[in-house]
Structures are given as structure tokens and as C-alpha cells.
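K.L.:
Below: sequence and its predicted model.
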Amino acid sequence: MSNSSEDCIFCKIVKKEIPSKIIFENDDCIAFNDIKPASPTHILVIPKKHYKNLIEVNDKELLGNLLLTAKEVALKHGLTDGFRTVINTGDNGGQTVYHIHVHVLGGRFHKWPPG
């Protein structure tokens, strides 16, 4: 579990200290493939600035940029029939990396409720 930007794996990806195939990048966000995909397409969209989770973020522009980036990445990867976006927050929400991130899941049907 990473609680600070110094030991955060996603911050290290942003700083290019850990190699990752970045599939999208703008001034505020980057997107890359999840290393443990739960769907045929499983992309993570993260802000370049470190926030532990959704509870810490009060920046509406950043949150909007994350979701717009998720949409753009999904459409560029052909997910025009639909996709799921997920933001896990905290231990009970299933968060495992403590840097806010949006999962973009597609390429198969996703049942409801999730699980």
C-alpha cells in the first residue's frame, strides 16, 4: 500500500522510473494497460499529481479530465459497444494502489452487480 508519492508505483510510472507502455498522455493524466487485466481491454487512467483516493480530490477539473480521458481512451480502443469505468476507494472499496485511478474495462459483457 502506497500512502505517499515517494513510494507510489503510479507516481514512479508518471516519472518514467518504472517502465510502462503509456498509451495516452496529456498535461494532467496518463493511461496504460493494467498488468492484471480483468477484461480483454483493461486500461488505467491516472492523474500525474498524486492523490491517495477519490476522497482526497476536490479538483473538479481534474476529475472531469480523468473521466473525459477514460472516454477518449475507450473509444480509441474500439469500445463503442460499451465499457465500464471503476474508481475503487479505500480498502473496503477494493483499492490496492493508493493513487486515484480510473479502470476502463471493455471487450466483454460486464454483469451487474459486479463481482
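P.N.:
Everything's here; your move. Bear in mind that the values here come from a model prediction, so they are computed numbers and not experimental data. Numbering: from 1, shown residues only.
K.L.:
In space, what's closest to Asp27 - neighbours in sequence excluded?
P.N.:
Take Asp27 and drop its neighbours on the chain: the residue closest to it by CB to CB, 6 or more residues apart in numbering is Lys48, 7.8 Å away. Backbone N, C-alpha and C define where each C-beta goes, glycine included.
K.L.:
Next: Ile43.
P.N.:
Closest residue in space to Ile43, ignoring its immediate chain neighbours: Val104 at 4.3 Å, by CB to CB, 6+ apart.
K.L.:
which residues touch the one you found?
P.N.:
Contact analysis of Val104 by CB atoms under 8 Å, 6 or more residues apart in numbering lists 31, 41-45, 70, 73-74, 77, 79, 83-85.
K.L.:
cool, and Ile55?
P.N.:
By CB under 8 Å, 6+ apart, the residues touching Ile55 are Thr89, Gly90.
K.L.:
Next, it: phi, psi?
P.N.:
Torsion angles at Ile55 (phi, psi; degrees, to the nearest 10) stand at phi -60, psi -30.
K.L.:
Likewise for Gly106?
P.N.:
Residue torsions, per degrees, to the nearest 10, at Gly106 are phi -160, psi -180.
K.L.:
hey, where'd the strands end up in this protein?
P.N.:
22-25, 29-33, 41-47, 83-86, 102-106 (DSSP state E).
K.L.:
how about these in CSV, adding mean pLDDT and distance to Gly64?
P.N.:
Below are the strands of the chain laid out as CSV (pLDDT from 0 to 100; distance: least, CB to CB, whole Å):
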stretch, mean pLDDT, distance to Gly64
strand 22-25, 96, 16
strand 29-33, 97, 11
strand 41-47, 98, 11
strand 83-86, 97, 13
strand 102-106, 98, 12
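K.L.:
Would you format those as a markdown table with distance to Ile13 included?
P.N.:
Converted to a markdown table, the strands of the chain look like this (distance: least, CB to CB, whole Å):
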| stretch | distance to Ile13 |
| --- | --- |
| strand 22-25 | 8 |
| strand 29-33 | 7 |
| strand 41-47 | 8 |
| strand 83-86 | 19 |
| strand 102-106 | 15 |
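K.L.:
Tell me which of those strands lies nearest to Glu56.
P.N.:
strand 41-47 (10.9 Å; CB to CB).
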